[in-house]
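**Student:** Here you go, sequence then predicted model.
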Amino acid sequence: MGIRGRIAALSAVLTLALTAAIGGAAAGTANASSGGGYIYNKGSNECLDYSASYGVRVFPCNAASLNSGYQYWNWTSVQGGELVNGLVNDCLGIYGGAGQLGMGTCTKGSYQTWAQESLSANNKTYWTIQNPATNKCLDYSASAGLVAAPCDSARVLAGYQNWTPTLTP
């Protein structure tokens, strides 16, 4: 089955998972081994998104963007794998010293490797998406946009570095 067929088949399941995550019912259940789906930022209530016109960004989560591949991300392994976008089959990576994020041909390079890490605080589990080679985390704020920034527990608790992947293996 091609990527479009796989995306269509997973759409209903992922929409339900996203709805649960937005409502808070999925807190602490984000740790999957691998799979594809939305990657949801808890601080902005939006999803990781890619298009040629806008680059990598966060954008309101929606089934049309998931089905088109803009918001579909295949994570080869949350223990340290690539985030492959469903639209272009390229990998999310850190390009440049200032934490600029972009898309490029998947090479299994350290700059394209991402691991899910947890932080427990206030009787809750928070999830980050971290590049182990740089110790930088995916970070989104309205003022700075989407960047890879030093992992920081205060930024995780504020939601900037708090991400929930809704992956279906």
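**Tutor:** Structure received. Numbering: from 1, shown residues only.
**Student:** all contacts plus neighbour counts: C-alpha atoms, from now on.
**Tutor:** OK.
**Student:** Need the phi and psi values for the nearest residue to residue 46 once chain neighbours are set aside.
**Tutor:** Of all residues not flanking residue 46 in the chain, residue 60 sits nearest, at 4.5 Å (Cα to Cα, 6 or more residues apart in numbering). Phi and psi for residue 60, reported as degrees, to the nearest 10, are phi -50, psi 130.
**Student:** cool, the one 4 residues further on as well?
**Tutor:** Dihedral angles phi and psi of residue 64 (degrees, to the nearest 10) take the values phi -60, psi -40.
**Student:** Compute the number of surrounding residues for it.
**Tutor:** For residue 64, the number of neighbouring residues by other Cα atoms under 10 Å comes to 11.
**Student:** per-residue pLDDT, it?
**Tutor:** Here the pLDDT value assigned to residue 64 is 95.
**Student:** same question, residue 12
**Tutor:** For residue 12, the pLDDT comes out at 28.
**Student:** Now for residue 112: which residues touch it?
**Tutor:** Residues near residue 112 by Cα atoms under 8 Å, 6 or more residues apart in numbering: 81, 82, 83, 91, 92, 93, 94, 106, 131.
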